[in-house]
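Chemist: Based on what follows, work out the 3D shape:
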Amino acid sequence: METKRLILRKWTEEDAENLYKYAKDPDVGPAAGWPPHKSIEESRAVIRDVFNGAECYAICEKENNQAIGAVELKLKGHTDMTDREDECELGYWLGKPFWGRGYMPEAAAALLQRGFEELGMTTIWCGYYDGNQKSRRVQEKLGFQYDHSFEADLAPLIHEVRVCHASKMTKVIRKMEDIHA
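Modeler: Model (predicted):
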């Protein structure tokens, strides 16, 4: 998939060095519930074992096609936000040097469009942990509507119990926003 400035493509093991470069930053992973990467080998394993979902994509700048983040629609069986076939969860992260450029809303918008128009989703969920204002802001820019908050052990990789705020977007809301854009 392509957007104005980005390419969204499948992860390859050749992306491990770039993944490590951005995922080792302690400001990136813990906000999303995972620990900083400790080695290129760990990043390679994440590509192989985690970034292997049917709708998981590396976010790359068009000029160099280098992975700088990830965006994914987590389908049934890969999310705890829903168990419906026609609903999924949007997940994302971006390397710190690329924050504040509008890349995440741009990448996520392309995947939301795919989810609704090509995959037949009626609702797409998205969450952020308490204190992750950057993720909250991305959801607001995309048009997600707050649904509920809950406290649960949703960050098992870092062994923390956190408050998660869940938002959702329905196909109807998305179409109305397109009309008003």
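Chemist: Which of the helices and strands in this protein ranks last by mean pLDDT?
Modeler: Taking mean pLDDT, DSSP states H and E as the measure, the chain has helix 171-180 as its least confident helix or strand, at a mean of 56.
Chemist: what about the closest residue in space to residue 86 that isn't next to it in sequence, neighbour count?
Modeler: Excluding its sequence neighbours, the residue lying closest to residue 86 (CB to CB, 6 or more residues apart in numbering) is residue 122, at 4.6 Å. All C-beta spots, glycine's among them, are computed from the backbone N, C-alpha and C. By the criterion of other CB atoms under 10 Å, residue 122 has 14 neighbours.
Chemist: How about the contacts made by residue 122?
Modeler: Residue 122 is in contact with 86-87, 170-171, counting by CB atoms under 8 Å, 6 or more residues apart in numbering.
Chemist: Buried ones in the top helix by length along the chain, by neighbour count?
Modeler: As assigned by DSSP state H, the longest helix anywhere in the chain is helix 103-117. Neighbour-count burial for helix 103-117, counted by 16 or more other CB atoms under 10 Å, picks out 103-112, 114-116.
Chemist: Adding pLDDT, write those out as CSV.
Modeler: Listed next are the buried residues of helix 103-117 as CSV, based on pLDDT from 0 to 100:
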residue, pLDDT
103, 97
104, 97
105, 97
106, 97
107, 97
108, 97
109, 96
110, 97
111, 97
112, 96
114, 96
115, 96
116, 95
